[in-house]
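**Student:** Kindly return the folded structure for what I paste below:
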Amino acid sequence: MTTPPPRPTLRECLEGRGNNLDFLRFAAATGVIVSHAFPLGEGPKGTPEPLTGFSHGQVSLGIVCVAVFLVISGLLITRSWERTPDTRAFLQARALRIFPGLAVSLLATALLLGGAVTTLPLKEYFTATATYTFLARNLLLVEPQWTLPGVFETNVYVGAVNGSLWTLKYEVGFYLLVLALGRAKLLRRAWALVAWALTAGMSLLHIGRLGFWPELGLYFGGGLVLYLWRDRVRMNPWLALLSAAVLIVTAMMGTGLRVAMGSFGAYLVLYLAFLPSRLANFGRRGDISYGVYIYAFPVQQTVAAWMGGPTPWWWNAALAVPLIWLLGVLSWRLIEQRALRMRWRPETPRPTVSSLSPHA
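**Tutor:** As a prediction, this is how the structure comes out:
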């Protein structure tokens, strides 16, 4: 009897050409739209999101989708540093991926959308300080500003213009953490695993003054740890099924789901990312997930304003999704893709696969 070949390791999957990462990011961005459609379409007291009820309030679909983004980001950002451990190249690549698209989105939201829907006279709107602090504060990622003068004040979800932006400062913070650890030669397997365990403990203790850092750190750290252990992590369908079962059980129990998402959930995301499928070519014409993410909320609020009152969540999502996808395509082709072409690359030769130590 022939012994079946061993399951591929995560390293082998990363060295292959095909993956479903672009599709997973796109699906996660679209999932955030669905999650936000409940409060934006029906109001905060409207139909409760099914996943929130099923998990006893532990997570929403939006948080699950953010977790998917962060797991993938933890994997790819750590890989990016190891492949090109150059501070200038790393920072420039990250900045070009985040800020050009964000800047155009903020300008379009504040100057075009805000000017079109504000209830204030245009002169008053365009001379209001809050119109321009919206641009500055959200671009600097220090402290988001959710409102614009006279915009969406009669919506069922009052005032918020782009509630999705709250995650970006955490994302950038994790980029800087990888850079700092890489520069200090601390991106090591054992240390990363211990740090992830400490983060899990802080998340379980609900230390309020730390905000969302521990929870989101679980998800980003899950991708980071799995990458560093990539030589020993095998893509096994039985382990993927076990991971799914653990997620379901912890959701039903009403406790431990966030920690499970950062460990078993991270493994499941990467298993699906490298599962052979026709979706491997999904992103061949570009990655529109970031554009979808940063434009979704204001478009959904615009739809809600146009409807003039509470509407079923699915109606809000159905009307908003086509326009959001279109804006995602335009953002990628006109802004993000062109910005990424400006990346500076060091002249030193790129390290070969054999030289990429998991202890680097």
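**Student:** residues touching the spatially most central residue of the chain, list them.
**Tutor:** With distances taken as CA atoms, centre = their mean, Phe69 lies nearest the centre of the chain, 3.5 Å away. Contact analysis of Phe69 by CB atoms under 8 Å, 6 or more residues apart in numbering lists Arg25, Ala28, Ala29, Thr167, Glu171, Ser289, Tyr293. (Each C-beta comes from the backbone N, C-alpha and C, glycine too.)
**Student:** Repeat that for Pro149.
**Tutor:** Gly114, Thr118, Leu120, Glu124, Tyr125, Ala128, Ala130, Thr131.
**Student:** ok so, going back, can I take it that the residue nearest to the centre of the chain is in a helix?
**Tutor:** Yes: looking at Phe69 with DSSP: H, G, I helix; E, B strand; the rest coil, it is inside a helix.
**Student:** now Asn29, what's its secondary structure?
**Tutor:** You called it Asn, but residue 29 is Ala. Going by three-state DSSP: Ala29 is helix.
**Student:** Neighbours of Ala304, how many?
**Tutor:** 27 (other CB atoms under 10 Å).
**Student:** separation between it and Leu40?
**Tutor:** 5 Å (CB to CB, to the nearest Å).
**Student:** Equivalent analysis for Phe152, please.
**Tutor:** Distance from Phe152 to Leu40, by CB to CB: 10 Å.
**Student:** Tell me which of these two has more neighbours.
**Tutor:** Leu40 (30 against 25).
**Student:** Report pLDDT for the more buried one.
**Tutor:** Per-residue pLDDT puts Leu40 at 98.
**Student:** ok, it - contacts?
**Tutor:** Asn155, Val156, Tyr157, Phe297, Gln300, Gln301, Val303, Ala304, Asn316.
**Student:** Let's verify the third one: helix, strand, or coil?
**Tutor:** Right, Tyr157. Taking three-state DSSP, the label given to Tyr157 is coil.
**Student:** From what I see, it and Phe38 are in contact.
**Tutor:** No: using CB atoms under 8 Å, Tyr157 is not in contact with Phe38, being 9.7 Å away.
**Student:** More neighbours: which of these two?
**Tutor:** Phe38 (25 against 21).
**Student:** which ones are touching the more buried one?
**Tutor:** For Phe38, the contact set (CB under 8 Å, 6+ apart) comprises Gly46, Thr47, Pro48, Glu49, Trp313.
**Student:** and the residues you listed, which are buried?
**Tutor:** With neighbours counted using 16 or more other CB atoms under 10 Å, these contain these buried positions: Gly46, Glu49, Trp313.
**Student:** out of the residues you listed, which are inside helices?
**Tutor:** Among those, the ones falling in helices (DSSP state H) are Trp313.
**Student:** In CSV, list the buried ones among the contacts of Phe38 along with pLDDT and distance to Pro6.
**Tutor:** Listed next are the buried ones among the contacts of Phe38 as CSV, based on pLDDT from 0 to 100; distance: CB to CB, whole Å:
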residue, pLDDT, distance to Pro6
Gly46, 92, 50
Glu49, 96, 41
Trp313, 97, 45
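**Student:** Among the buried ones among the contacts of Phe38, which one sits closest to Pro237?
**Tutor:** Glu49 (29.5 Å; CB to CB).
**Student:** which one of the contacts of Leu40 has the most neighbours?
**Tutor:** Result: Gln300 is most packed of the contacts of Leu40 (other CB under 10 Å), 29 neighbours.
**Student:** can you pull the buried residues of the helix or strand where that residue lies?
**Tutor:** Per DSSP states H and E: Gln300 is located in helix 289-307. The neighbour-count check on helix 289-307 (16+ other CB under 10 Å) flags 289-305, 307 as buried.
**Student:** For the stretch 151-300 of the chain, which segments are assigned as helices?
**Tutor:** Taking DSSP state H, counting those that start in this stretch as the criterion, the stretch 151-300 of the chain carries its helices at 168-183, 189-205, 213-228, 237-253, 257-273, 289-307.
**Student:** Now do the first one: distance to the chain's middle.
**Tutor:** For helix 168-183, the distance between its averaged C-alpha position and the chain's averaged C-alpha position is 14 Å (CA atoms, centre = their mean, to the nearest Å).
**Student:** Contacts for it, please.
**Tutor:** With CB under 8 Å, 6+ apart, helix 168-183 has contacts from 69-70, 73-74, 77-78, 81-82, 85, 87, 90-91, 94, 98, 102, 141-142, 144, 187, 212-213, 216-217, 220, 224, 360.
**Student:** again, only using 7 Å
**Tutor:** Here helix 168-183 makes contact (CB atoms under 7 Å, 6 or more residues apart in numbering) with 73, 77-78, 81, 85, 87, 90, 94, 98, 141, 187, 212-213, 216, 220.
**Student:** Likewise for the second one?
**Tutor:** Applying CB under 7 Å, 6+ apart, the set of residues contacting helix 189-205 from outside is 210, 214-215, 217-218, 221-222, 224-225, 228-229, 258-259, 262, 358-359.
**Student:** Of the residues you listed, just say which sits nearest to Arg11.
**Tutor:** The closest of those, once distances to Arg11 are taken by CB to CB, is Pro358, at 8.5 Å.
**Student:** Check that closest one and give its pLDDT.
**Tutor:** 29.
**Student:** before we move on, what about His206?
**Tutor:** As predicted, His206 sits at a pLDDT of 74.
**Student:** Could you do Leu96 as well?
**Tutor:** For Leu96, the model assigns a pLDDT of 97.
**Student:** Spit out the contact partners of the nearest residue to Leu148 once chain neighbours are set aside.
**Tutor:** Nearest residue to Leu148, sequence neighbours excluded (CB to CB, 6 or more residues apart in numbering): Gly114, at 4.6 Å. Residues near Gly114 by CB under 7 Å, 6+ apart: Tyr125, Thr131, Leu148, Val151.
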